[in-house]
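>>> Sharing a model prediction with you, sequence too.
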Protein chains: 2
Amino acid sequence: MSKAVVLLSGGLDSCVSLAMALESGIKCEAITISYGQKHLLEIESARRIAKYYSLEKHLEFNLELSSIGGSALTDHAIEVPKGDLPDSSGHKKPKTYVPGRNIIFLAIALSFAEVRGADQIIIGANILDYSGYPDCRPDFLKSFEKMASLGTFKGINETGIEINAPLIEMSKEEIILKGIELSAPLGLTWSCYDPSGKDPCKLCEACQLRRNGFEQAGYVDLII
Amino acid sequence: MSKAVVLLSGGLDSCVSLAMALESGIKCEAITISYGQKHLLEIESARRIAKYYSLEKHLEFNLELSSIGGSALTDHAIEVPKGDLPDSSGHKKPKTYVPGRNIIFLAIALSFAEVRGADQIIIGANILDYSGYPDCRPDFLKSFEKMASLGTFKGINETGIEINAPLIEMSKEEIILKGIELSAPLGLTWSCYDPSGKDPCKLCEACQLRRNGFEQAGYVDLII
């Protein structure tokens, strides 16, 4: 039986990735990384999702990326952009880009996976992200997997740890439809980058992508 | 002028790597990662080395790897081995192996380097480490560099960030001789994995490698 560490952010994508993995009979443990993001509500969402699925292990890992700065998601001196969707050329750096975020997240998940004896890491990266963020693209993920097989004992002595991005080719609409098909708890997920209190801003790119996705899927979102 | 982020642990190797980079005219900033290691004294050493060289920027980054566990360096339930040098086959996992440590450290240094506009990361990995730790071997470092060029905007839009391991082929004796040649502050460095108060244990692998290195170089170590 395959065992996975799921990078569970608390957003839609990681929730549906987890649902898909459980559906295929993979034993799942989760790791949620609190990295100093302004939208800490997603951590609470991740807790609820892990509880919903009665995961045996859910590690919350603290990482103060705000000390490095350089992103609207972690640096209070940079405002989260409103009303703009990310540039789709893949060459313009969005303000919400956190330099190296997925590289760091995957590295921490890899350490956890090696300690826990998992043979794969599941990450909810998808086509919408990889138009804006280089560390969500398939060739990056493949290259990370190769590097990981060279840099861990598991990779040297056995087979390496696979990096699995089940949503990589899916649109937000398809992700939402898949989540609904699997009865994933989408109402527990959180997307907004810049909440005010407990309310989503409805204007940041994460809110817009979510709203468009639900509209295209023909379902009502209970969150936005 | 090249700009580097130096992974400065506070040990001999990173101190000499920094000295070599400064000697070659590279502008250096440093990052020191406090990862829940038992030998926190090395952080104080890193501070002193950064001060000695009047580095413009020295980031101390906190990372609780003890929450992942699995290593004698971070897990208080596992004792630091005494009297044994690491197996040199490269296939036996030393108890002091911290799963994925260099992958995580390089990932964080990469994020910092991208934000600070550096074009290289300097890491003190060397031949003695890479007999015991897969994440110190040259082919791993080369693979990390390739992955990093695919996963960052700097890598996509310009040239990627180089991973530079200037000591990779050097023995501890050669590293110490190089440090002395460059007047590096070796007396400020810290190596012991398992200090008792402010005293090195003299028995762990780090103490033994350091002592053997100084003996072979024909110099007196002020620390052990």
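Yes, it's here. Predicted, not measured: the structure shown is a model, and the values here were computed from it.

>>> Now do the strands in chain A.
A:3-7, A:27-34, A:58-62, A:120-122, A:162-164 (DSSP state E).

>>> So what are the sheet partners of the second one and their directions?
Meaning strand A:27-34. strand A:3-7 (parallel), strand A:58-62 (parallel) (DSSP bridges).

>>> most packed of the strands of chain A?
Highest mean neighbour count of these: strand A:3-7, a mean of 25 (counted as mean count of other C-beta atoms under 10 Å in any protein chain shown). The way it works is simple: take the backbone N, C-alpha and C, and place the C-beta from them, glycine included.

>>> And the average pLDDT for that strand is what?
The average pLDDT for strand A:3-7 rounds to 98.

>>> And it, how far out from the chain middle?
Centroid displacement of strand A:3-7 relative to its chain, using C-alpha atoms, centre = their mean, to the nearest Å, is 12 Å.

>>> ok, back up a step: JSON lines for the strands paired with strand A:27-34, including distance to residue A:18?
Listed next are the strands paired with strand A:27-34 as JSON lines, based on distance: least, C-beta to C-beta, whole Å:
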{"stretch": "strand A:3-7", "distance to residue A:18": "5"}
{"stretch": "strand A:58-62", "distance to residue A:18": "11"}
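
>>> closest one to residue B:156 among the strands of chain A?
strand A:162-164 (19.1 Å; C-beta to C-beta).

>>> is any part of the closest one close to chain B?
No. Remark: strand A:162-164 sits outside contact range of chain B, by C-beta under 8 Å from any C-beta of the partner chain, the gap being at least 10.7 Å.

>>> just to revisit the earlier point, ok, which of the strands of chain A comes nearest residue B:56?
Judging the strands of chain A by C-beta to C-beta, what sits closest to residue B:56 is strand A:58-62, at 27.6 Å.

>>> Can you read off the pLDDT for residue A:141?
So residue A:141 comes in at 95 (pLDDT).

>>> I'd guessed it sits against residue A:122; true?
No. Contact criterion C-beta atoms under 8 Å: residue A:141 and residue A:122 do not qualify, at 11.3 Å.

>>> for the strands paired with strand A:27-34, which one sits closest to residue A:182?
Nearest to residue A:182 among the strands paired with strand A:27-34 is strand A:3-7; the distance by C-beta to C-beta comes to 14.1 Å.

>>> and the angle for the biggest helix by length in chain A with strand A:58-62?
Counting residues, the longest helix in chain A under DSSP state H turns out to be helix A:101-116. Computed with axes from the mean of the first three to the mean of the last three C-alpha atoms, to 10 degrees, the direction of helix A:101-116 lies at 130 degrees from that of strand A:58-62.

>>> What helices and strands are in contact with helix A:101-116?
Applying 3 or more C-beta pairs under 8 Å, 6 or more residues apart in numbering or on different chains; DSSP states H and E, we find helix A:101-116 packed against strand A:3-7, strand A:27-34, strand A:58-62, strand A:120-122, helix A:138-151, helix B:101-116, helix B:138-151.

>>> Put together a markdown table for the ones you listed, with distance to residue A:200 on each row.
Formatted as a markdown table, the helices and strands packed on helix A:101-116 follow (distance: least, C-beta to C-beta, whole Å):
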| stretch | distance to residue A:200 |
| --- | --- |
| strand A:3-7 | 22 |
| strand A:27-34 | 19 |
| strand A:58-62 | 22 |
| strand A:120-122 | 25 |
| helix A:138-151 | 28 |
| helix B:101-116 | 27 |
| helix B:138-151 | 29 |
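
>>> So for residue A:49, which of these sits nearest?
Of all those, strand A:27-34 comes closest under C-beta to C-beta, at 8.0 Å.

>>> hey, C-alpha coordinates of that closest one in PDB?
The C-alpha trace of strand A:27-34 is given here as PDB (Å, rounded to 0.1, in the frame of the first residue of the first chain):
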ATOM      1  CA  LYS A  27      -2.600   6.000   3.000                       C
ATOM      2  CA  CYS A  28      -2.200   9.800   3.600                       C
ATOM      3  CA  GLU A  29      -0.500  11.900   6.200                       C
ATOM      4  CA  ALA A  30      -0.600  15.700   5.900                       C
ATOM      5  CA  ILE A  31       1.800  18.600   6.500                       C
ATOM      6  CA  THR A  32       0.600  22.200   6.700                       C
ATOM      7  CA  ILE A  33       3.100  24.900   6.600                       C
ATOM      8  CA  SER A  34       2.500  28.100   8.400                       C
END
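
>>> Please enumerate residues in contact with it?
A:1-10, A:18, A:21-22, A:40, A:43, A:46-47, A:50, A:53, A:55-63, A:105, A:108-109, A:112, A:116, A:118, A:122 (C-beta atoms under 8 Å, 6 or more residues apart in numbering or on different chains).

>>> Wait, residue A:136 touches residue A:106, no?
No. Contact criterion C-beta under 8 Å: residue A:136 and residue A:106 do not qualify, at 10.8 Å.

>>> More neighbours: those two, which one.
Ranked by neighbour count (other C-beta atoms under 10 Å in any protein chain shown), residue A:136 and residue A:106 place residue A:106 first, with 30 against 23.

>>> Show the contacting residues for the more buried one.
A:7, A:121, A:123, A:144, A:148, A:163, B:107.

>>> try 10 Å
By C-beta atoms under 10 Å, 6 or more residues apart in numbering or on different chains, the contact list for residue A:106 reads A:7, A:113, A:121, A:123, A:125, A:135, A:140-141, A:144-145, A:147-148, A:161, A:163, B:100, B:103-104, B:107, B:147, B:151.

>>> what's the spacing between it and residue B:43?
26 Å (C-beta to C-beta, to the nearest Å).
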